[in-house]
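1. how would this look folded up:
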Amino acid sequence: MLFLMVSCKSWSQISKENFEQVTSNFTTLADTNTIWCYWYWINDDISKDGITKDLEAMKKAGIGGALIGNINPAHEDGKVPMLSEDWWSHMVHAVVEGKRIGVDIGVFNCPGWSQSGGPWVDYTKAMRYLTYSETKVSGGKKLSIQLEKPKDEFQDTHTFAFKSSAIEKRSTQFISTKITANWNDVDVAVLNDGNKEADTSFEPKKGEFLEISFELSEAITARSIAITPSQAFKCNMTLMAVVNGEEKIVKEFNFDRFKIAPNVASIKTGAYATDLPDVKAEKFILKCSDFRTKGGGYGFAEITISEAPVLDKYIEKQLGKMNSTPGIQWDSYIYGKQEALKDKSLCVNPNEVIDISNKLDKNGVLNWDAPAGEWTIMRMGMTPTGTKNAPAAPQGVGYEIDKMSSALAQYHFDNFVGELLKRIPEESKSAFKYVVADSYEQGSQNWTDGYEIKFKEKYGYDPIPFLPVLSGRIVGSVELSERFLWDLRRAIADDIAYQYVGGLRKASNKYNLKVWLENYGHWGFPGEFMMYGGQSDLIGGEFWNEGTLGNIECKASSSTSHTYGKPITSAEAFTSSRKAYLRHPAMLKKRGDWALTEGINHFVLHLYIQQPDDNRKPGMNAWFGTEFNRHNTWFGQADTYFDYLRRCQHLLQQGKYVADVCYYIGEDAPVMTGVRNPEIPQGNSYDYINAEVILNRLTVKDGRFVLPDGMSYKVMVLPPFTTMRPELLKKIEALVQQGGVILGPKPLESPSLQNFPACDEQVKALASKLWNGTYNQGKMAVQYGEGKVMDGFQLSEVFETINLSKDLELSADAPVLWIHRTMPGMDIYFISNQSDETIDLSPVFRVNQKLKPQLWDAVSGEIRALANYEITSTGIKVPLTMEAAQSWFVVFANEANNIEVKPAYAANFPVYEKVSTIEAPFKVDFINKDIAPKDPVVFDKLIDWRNSEDEQLKYYSGTAVYSSTFNIDKLPKNQDLFLNLGKVSVMAKVKLNGKYIGGVWMAPYRLNITDAIKKGKNKLEIEVVNLWRNQLIKDKQRSEDEKYTWLVTDDIKSDSEIQSSGLLGPVIIETIK
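-> Next up, the predicted model:
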């Protein structure tokens, strides 16, 4: 096959020195390979002693970086007020101690976790959007009038005038209209009074429609409806018109104002407006059903049906209202095409929009010699979106900084990070490494100071004549209005990347600090995730233990890292909601493995909360995050799990990620993920890619799309859009000419107003050259230069056409996830069993047949050769056995280097047989004497503590040491011996004859004891830890005075399920058959 010829040609050997470096850092773990953590300081409840102890515990566990976030979620405030000199001294103490102990420090760039703001930001430096007041005047005379100031915090930007349209008064607001509703609690009188402050609230009737009827005194030709909510909710709506006595459906739509907080709705009272097909009637009925709210209630301020046209969803399209849920999909901001107006006189003529800004004085008085005619004057300017950094202590809260100005990014940096830098002793500054920006959750702005100049420089046309579209009016045509707003959204995304992230990075880099950024957002994210992340030094994703949060974020981050040449992709790891002190490493294993297969190769634990003292345990906690902190029962043994994560990180940071497909995400903004259509087949991998990378970083070599650092892809898939700017299409044409293969639909036009209409002609001409084949049953394939253009095919069909095999060939039902990285002479596959059963599989790995397979176990650090494998036409087949939730690294390397690893077993995976059982009694010493027997307890048989009749043991939480002695009469020659603990709840560390053997945190609970066991009498000590959960349950049964535990928040009840605890066994000694 073609693949084999290519792989043989490109095969090269890894040097013995490089191989030894990779192996030694895997087995012994380099100090430079550490995990990090979010280190939240909650509600100013902090102490210097606690800070030192936290850092020491981190270092001991293998945590090498702590990112400080000052968070105020819910808890009475501590004694160190944020921004006080005492508080600054605690921040400095953390850096100084980090330097001494060996933990690098990062700091969230402002109080709270989102996003960049504080009390130093006044409204003139805040995120702002354009708002306006309107005044109708008659011209033909000199005017001197006071124009209404739209908001108290307001900065004038433009005042302009355009000819008024009489049709705007042809609506239910101005024509006498009788409004009725079938629910008595709806006050219909307020719905057409023109006052958005007056509203009507109501409670939905289960199973009933709300019907609001509008009966006009004369018929109108309805072209639009605008619905202004007064509370946050959504519902389904159907507008009916009564025509010739019969109700006819005009339009069905989903009314969505489910969330109207500033971080998703800068224009809080913005109407939901939609266009209507022309329908003439005297009576209209709005039917509403399926009401949903999240504690916001239900209410309307205004409902207007009008003859005047409206640009569909104009509030959304200017980013005045954004996605109502945290999960943003690829099409969340893709808008359907609105039908063109038949009558152009209904539009505002952009050539007749008169800029009269210089006629407005500083007091808002307009002095203008108005031409004859009826005019609408718009006084437009900026007002804050209202978003503030959160959740933070009140004294640390202020407006979010303008995200479209690098100068203001520098100003923000100086007022928070800069203040810390001033206070850190010079000799300790090297420990301060990172400036953190968490996931973006603060909505959008749509303007900044002097933006009309930057906009014109960017697009080549003046935006001012198109600004009336922000009121919903159609300027020029539907198409011109849509294109202007597309340009505005694209410009905002570009500026948030380059002005905000780039500005923060520039400010940080001056002080040798790096920006660590999560390159996406929830709720109102106005950017393009790839460009946004591309401007950061370091990129992170996130994932939650349960649910789907993280399912797009990790791939968004790893794709950006891969395409922008950033070798590390972090993840805010193991975040969660509720279930206090229920989680432990074995529970986290599969989800962590999932993240690794999404391209994550560095873990930032969520969450370590600063523990100010040792008298309150479990101590400070929150409703979110896994409890990674020194007061958790199992944290003292967490190093064994963290070692697993560190080994995984190490191998997955080697070489380059292997992907066959890059999915182009399109140019539309905002966007937080790409679309995979068609989906990637099982056995192949992908990245997303954006226009900026295609334009500036992508070339073609040997039939692959190649990036400067060596990442490459065989096929580029275009999204199911019909728009593309000509500059990008020209680059794609060149890439195909050079040998690239693209799959996707033919672009028909540019989405932009830049260089319109010539831009469309360029797109059509280029697209016709590329997509010049004949379609047969919806499919087309044509050779173009050295490359191919295809459309309508599944990727499996494309791969067959170009002779590309699967990178990992598996049975369709194999419950595994995987990822592949490659370097010269070495291929690394990580494979994770995501099931709770033992599985056998024989995957075929697409590697050069000259390489030899090895098994690298990230749990134990063991490396051994694999003897049982088979050369196939597409690679090497290796039989594997995987126990529940187990993972392996299958590494292919030069044959000579296999000498350095342990010898292979004939069947790849050994079968263990019992040598002897270590029988009870066990002496068990429960270490926490405050809640346990003072003296050790003798177990005549191993039991689950929760089944004990002794309530102290039943509800015990903490550490217990099992001690026993056993005799071995004869040691087998040339055979390893293993200790199998059977079942452990939840973790254990083992000493044999005083020698530390290792720790276990997941099944199989097996350790190699060959170097510690001796003939004759042996002393065994097993230190077992369980969860805090059981003692917390017990405390729910006690009075306040009797309680032993202390924490901030929990969801535990007195009858919550008690968790399995202790060494359950059987404890046996094994050898390999």
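2. show me where the stretch 851-1000 of the chain has helices.
-> Remark: helices assigned in the stretch 851-1000 of the chain by DSSP state H, counting those that start in this stretch are 951-954.
3. what does the stretch 651-800 of the chain give?
-> 691-697, 726-737, 758-770, 795-801.
4. got it, and the stretch 451-600 of the chain?
-> So, for the stretch 451-600 of the chain - with DSSP H, counting those that start in this stretch - the helices run 451-459, 478-495, 502-509, 529-534, 553-563, 585-597.
5. where does the stretch 1-150 of the chain have low pLDDT?
-> Scanning the stretch 1-150 of the chain for pLDDT under 70 picks out 1-12, 74-75.
6. how about the strands in it?
-> Assignment of strands within the stretch 1-150 of the chain using DSSP state E, counting those that start in this stretch yields the ranges 35-42, 63-71, 104-108, 128-138, 141-146.
7. other SSEs contacting the first one?
-> Counting by 3 or more CB pairs under 8 Å, 6 or more residues apart in numbering; DSSP states H and E, the packing neighbours recorded for strand 35-42 are strand 63-71, strand 602-609, helix 638-652. Placement of C-beta: from N, CA and C, glycine included.
8. Thr633 is in contact with Glu1023, isn't it?
-> No - at 11.6 Å, Thr633 does not count as touching Glu1023 under the criterion of CB atoms under 8 Å.
9. got the helices of the stretch 451-600 of the chain as TSV, with distance to Arg821 and mean pLDDT columns?
-> Shown next, in TSV, are those (distance: least, CB to CB, whole Å; pLDDT from 0 to 100):
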stretch	distance to Arg821	mean pLDDT
helix 451-459	39	98
helix 478-495	31	99
helix 502-509	27	99
helix 529-534	20	99
helix 553-563	11	99
helix 585-597	11	99
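10. Poorly predicted segments of the stretch 201-350 of the chain, please.
-> In the stretch 201-350 of the chain, no residues with pLDDT under 70.
11. so who does Phe174 touch?
-> By CB atoms under 8 Å, 6 or more residues apart in numbering, no residues touch Phe174.
12. try Glu252
-> Asn236, Met237, Thr238, Leu239.
13. Out of these, flag the one nearest to Asp940.
-> Nearest to Asp940 among the contacts of Glu252: Asn236, at 66.2 Å, using CB to CB.
14. circling back to that earlier point, can you list residues touching both of Thr633 and Glu1023?
-> Applying CB under 8 Å, 6+ apart, one finds that Thr633 and Glu1023 are jointly contacted by Thr959.
15. Who has more neighbours out of the two?
-> The neighbour count for Thr633 versus Glu1023, taken as other CB atoms under 10 Å, is higher for Thr633 (26 against 20).
16. Excluding covalently adjacent residues, which one is nearest to the more buried one?
-> Nearest residue to Thr633, sequence neighbours excluded (CB to CB, 6 or more residues apart in numbering): Val1025, at 4.9 Å.
17. Distance of the residue nearest to the spatial centre of the chain relative to Asn323?
-> For the chain, the residue sitting closest to the mean C-alpha position, by CA atoms, centre = their mean, is Glu553 at 3.2 Å. From Glu553 across to Asn323, the span is 15 Å (CB to CB, to the nearest Å).
18. Ok, Lys1034 next?
-> Separation of Lys1034 from Asn323 (CB to CB): 44 Å.
19. gap between the two ends of stretch 67-78?
-> Distance between the two ends of stretch 67-78: 20 Å, counting by CA to CA, to the nearest Å.
20. Tell me the buried residues in that stretch?
-> Across stretch 67-78, burial judged by 16 or more other CB atoms under 10 Å covers Leu67, Ile68, Gly69, Asn70, Ile71, Asn72, Pro73, His75, Gly78.
21. next one: stretch 356-369
-> Residues Ile356, Lys359, Leu360, Gly364, Leu366, Trp368 are the ones in stretch 356-369 that count as buried (16+ other CB under 10 Å).
22. now stretch 810-826
-> Leu810, Ala814, Val816, Leu817, Trp818, Ile819, His820, Arg821, Thr822, Met823, Gly825, Met826.
23. from those residues, which is closest to Pro1004?
-> For the buried residues of stretch 810-826, the nearest to Pro1004 is Val816 (18.2 Å; CB to CB).
24. Dig out what the closest one forms beta bridges with.
-> With DSSP bridges as the criterion, Val816 is bridged to Asn833.
25. do the same with the one 10 residues further on
-> For Met826, the beta-bridge partners under DSSP bridges are Met823, Ala893.
26. contacting residues for it?
-> Ile14, Phe19, Val22, Gln654, Gly655, Leu851, Val891, Phe892, Ala893, Asn894.
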